[in-house]
Each structure stands twice: as structure tokens, then as C-alpha cells.
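A.B. asks: Show me the folded form of this:
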Amino acid sequence: MKNIVVLGAGTAGTMAANMLTKEKVFENWTITVVDKNNDHEYQPGFLFVPFGMMPAKRITKSRRKFLPKRAAFVQEDVVAIDRDAQVVVLESGERLPYDQLIIATGTVPRPDLVPGMEDGSLWYDKVFDFYTLKGAEGLKAELKELKRGRLVVNVCEMPIKCPVAPLEFALLAQDYLRKRGRGFDVDVVFVTPLDGAFTKPVASEALGHLLAERGIEVVTDFQIESIDNERAELVSYDGRRVHFDLLATVPPNHGSKVAADSGLADEADFIEVNKHTLQAVADPNVWCAGDATNVPTSKAGSVAHFEMDALVPNLVAAVQDLPLTHSFDGHANCFIESGRGEALLLDFNYDQEPLPGRFPIYGVPALRLLGPSYLNHASKMGFELVYWNMLLPGRPLPFSADMKMDGKIVPEDAR
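C.D. replies: Alright, predicted model coming up:
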């Protein structure tokens, strides 16, 4: 009997397990999914917790509930990948043999990498992350009490999980404070290592204008060196300082330790893969999807879903010694909550930056691209149901996994 082992039962790992069990070629293979706990967190929900838009109790569900019955679920830490022996070593010492391995271990926030962050006196007092439930709940309590001063939203370095989330936090925070009559008493400041609001020029300009319209100051090219806890300031390598009364920070994001130790990862511990096939560069029996990869696109749930349309058929082909014919084009789309009951939508891939226009659903140009609308906001809030009932089971979404130009408006100078 041959074995597939999936490391990680988050978004990518759960989708992989569900889709693989439907493939006839694997009907006599064992499929084992490994994760350290049984808590599957709806990570987009972390953003909404600080503003009372989603109750924390709705975010976490059982991993086992969303995995296929035919797959074995092992709830234990992975300590090593022995690629020579083709086994995964568990914390208990048990060794799981594999013929094909899928690494979907996601990203890990590393506040320990910034001096004065996790080891500072203000950590979880006036300095919080919001990519964890504990951090999001802490920010909720602090935002209620923040009457005046400076709320700083800071990105330490790229890449990060869901790169638009810090922008969303800043916009939602400004709207939250405005609605409570504190809009003129609390300044919202967005501090980024990028040279603009986003990585792509057209989207960066549009989002920069939106932040300016909402009165949010943007501090660019800020490479954080440390946090000065005594003065409550971010300190950059070039000597600039940004004072805060409350800091919502995105610590450095790295791959998992097991990925780092695998011999397959880059310097940030993300698995190096062929960006089109999702096969590991250094080992043809290893595949990777979701946030754990080093592919040059967003680390987001939509990306994990689109990757599966290439990874699964390529894995099917590989075990039959056939050519890998499916190609992931870097497709990513994401909603950006802009406050005031509206959101923007971005749609892009490796080669095409986000553009304005309309995004088609079942061929109908339904959703506005790169501009705020109520329908985008409603779609973002409704995505929770899509996530649990369509994304995780690996069911088809009402649009192509490959990015399409239908409905997009290409600037004159780019034609």
C-alpha cells in the first residue's frame, strides 16, 4: 500500500485531502493528515474581531469535521522530515512513511525576531498582533478604551499572510473610531516597509488615495529595527521613529520549523517550489501549497484554492509517470474592507497587476474591481459560508482558477 502524507490541516491541507480522496488513482492509497491540534481557525475572521463584526466563538471549528472520512487524522507535532528514508517523524517518535508528501504548514508569526516586540513590556498591553485570535481579542478591548492619541498599524516585513489585511485594519479602525465620535481625537497611521500602500503600482495608487481621503497617514519605506518600549516608538534602521499609543503590528512571517529544517526551504523558511506545478524544486516526491510556498503571489485562501487546480492533477500525473500538464498562473483575488459598509476587490496573477473594471460571477460582470462597493462588502462577509462549505471541501467556485481579463480595464499606456 502506498502513502500520501499531508502536513497541515489548515486551508490548503484540508482542500488537498478532500480533493485527493476523489481521485481514482489514489483509491488504494492511504491518505494521512497531520496537525498539532484539532482547531481549524477561520483566519479572515481575525480582522473582524477587534471591531465587533464577528464573534470570536465562530472562528474555530474542529479540523476533523472538514477532513474526508477516508483520510486518517493524526493530532501531533511533526519534528522532522527524513527525505532519504521518506518518512515524517512525529514528536512521539512515530515515523510515518510516505511515497508522496504535501507540505501545507502555513506561516508562523515571529514577534521574537523584532527586538522589543515579544520581549518588550508593552507586548499584549499596548502592542498586539491581529493574525492570532488572542491578539485580535486584545485589540478589541484596547480599541474600546482608546479615546485619543495615535493608533499605528505596522507591517514589519514582506511577505506576510494576506498582505491586504493591514490596510483593511487601518480603514476599519478609522471607521470604527469615526462612528464613535473619536475620529478627530485618534490619528490612524499606516507604517509599511513598501514604497506605497500596496506592491502593485495601479492598486498602490488607488489604495493610497483611499487612505488619504480617510485621513490616514502613510509612512513608507520603514524598515523596522526595534520597538522602544520606554518611549512607545517604532524605530527604523535609518533612525526614524513613529510614536504610538496603541500598536497593531504584523510581525515577520516565516515558514514552519519543520519546513525550515527540511532542506527544501528558502531563507524565510518557505518551501521552494516550481511556481507553476507546485512541485518542490529539490525533491520530486514533495509538493507544497498555501502559505508555506515561496511562490511570488499573495498568501491567501483564494490562492490555496487556485493552486489545487494545478497541484492535484499534477500529482495524479506524477504517480503515473506522466508529464505535468497543469499550470498555476499565480491567480489571487481578495476583498479589501474599506469601512463604511464597503469593500474593494483585487484580482491579479504573476503577470497581471490588479486593474479596475468588473469581476464576472458565472460570466456576469457582478463585482466592482479596485473600487469600493456595498456588494463587495456583502460578498466579503458572506465568504465565511463559502469557506466552510465550498473552499475547504474543494468544490468548484463560480469562476476560473486561471485569471481572466474579462471585465478588466487596461490603462492606455499598458496596451
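A.B. asks: count of residues packed around residue 53?
C.D. replies: For residue 53, the neighbour count with other C-beta atoms under 10 Å is 13. Quick note: C-beta positions are derived from backbone N, CA and C, even for glycine.
A.B. asks: Helix, strand, or coil at it?
C.D. replies: Recorded secondary structure, residue 53: coil (DSSP: H, G, I helix; E, B strand; the rest coil).
A.B. asks: which residues does it contact?
C.D. replies: 172, 381 (C-beta atoms under 8 Å, 6 or more residues apart in numbering).
A.B. asks: ok, the nearest residue to residue 165 once chain neighbours are set aside - how many residues close by?
C.D. replies: In this structure, residue 165 finds its nearest non-sequential neighbour in residue 47, 5.7 Å apart by C-beta to C-beta, 6 or more residues apart in numbering. By other C-beta under 10 Å, 22 other residues sit near residue 47.
A.B. asks: Which secondary structure element is home to residue 211?
C.D. replies: Element membership for residue 211, per DSSP states H and E: helix 201-213.
A.B. asks: Hmm, I typed the wrong one, I wanted residue 259.
C.D. replies: helix 257-260.
A.B. asks: Could I get the CA-only coordinates of that helix as CSV?
C.D. replies: Output of helix 257-260 as CSV, limited to C-alpha atoms (Å, rounded to 0.1, in the frame of the first residue of the first chain):
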residue,chain,number,x,y,z
LYS,A,257,10.3,25.0,11.8
VAL,A,258,9.8,21.6,10.1
ALA,A,259,9.8,23.4,6.7
ALA,A,260,13.0,25.3,7.7
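A.B. asks: what does that helix rub up against?
C.D. replies: Residues contacting helix 257-260 (C-beta under 8 Å, 6+ apart): 7, 78-81, 103, 105, 108, 254, 265, 269-271, 292.
A.B. asks: any idea of the mean pLDDT for that helix?
C.D. replies: Here helix 257-260 scores 96 as its mean pLDDT.
A.B. asks: burial of residue 56, as a residue count?
C.D. replies: 15.
A.B. asks: which residue packs closest to it, ignoring adjacent ones?
C.D. replies: residue 49 (5.4 Å).
A.B. asks: How much space separates the one you found from residue 140?
C.D. replies: 6 Å (C-beta to C-beta, to the nearest Å).
A.B. asks: For those two, indicate the residue with more neighbours.
C.D. replies: residue 49 (21 against 17).
A.B. asks: That one reaches residue 59, doesn't it?
C.D. replies: Yes - at 7.4 Å, residue 49 and residue 59 qualify as touching, with contact defined as C-beta atoms under 8 Å.
A.B. asks: shared neighbours, those two?
C.D. replies: Counting by C-beta under 8 Å, 6+ apart, the shared contacts of residue 49 and residue 59 are residue 133.
A.B. asks: Can you give me the buried ones in the longest helix seen in the chain?
C.D. replies: Scanning the chain for the longest helix, with DSSP state H as the assignment, gives helix 301-318. Neighbour-count burial for helix 301-318 flags 301-318 (criterion: 16 or more other C-beta atoms under 10 Å).
A.B. asks: list the helices and strands the least confident helix or strand in the chain by mean pLDDT packs on?
C.D. replies: When each helix and strand of the chain is scored by mean pLDDT, DSSP states H and E, helix 201-213 comes last, with a mean of 87. With contacts defined as 3 or more C-beta pairs under 8 Å, 6 or more residues apart in numbering; DSSP states H and E, helix 201-213 has these neighbours: helix 165-179, strand 217-219, strand 342-348.
A.B. asks: Okay, buried residues for that helix please.
C.D. replies: For helix 201-213, by 16+ other C-beta under 10 Å, it's 202-204, 206-208, 210-211.
A.B. asks: Report the two of these separated the most.
C.D. replies: The two members of the buried residues of helix 201-213 with the most space between them (C-beta to C-beta) are 202 and 211, at 15.3 Å.
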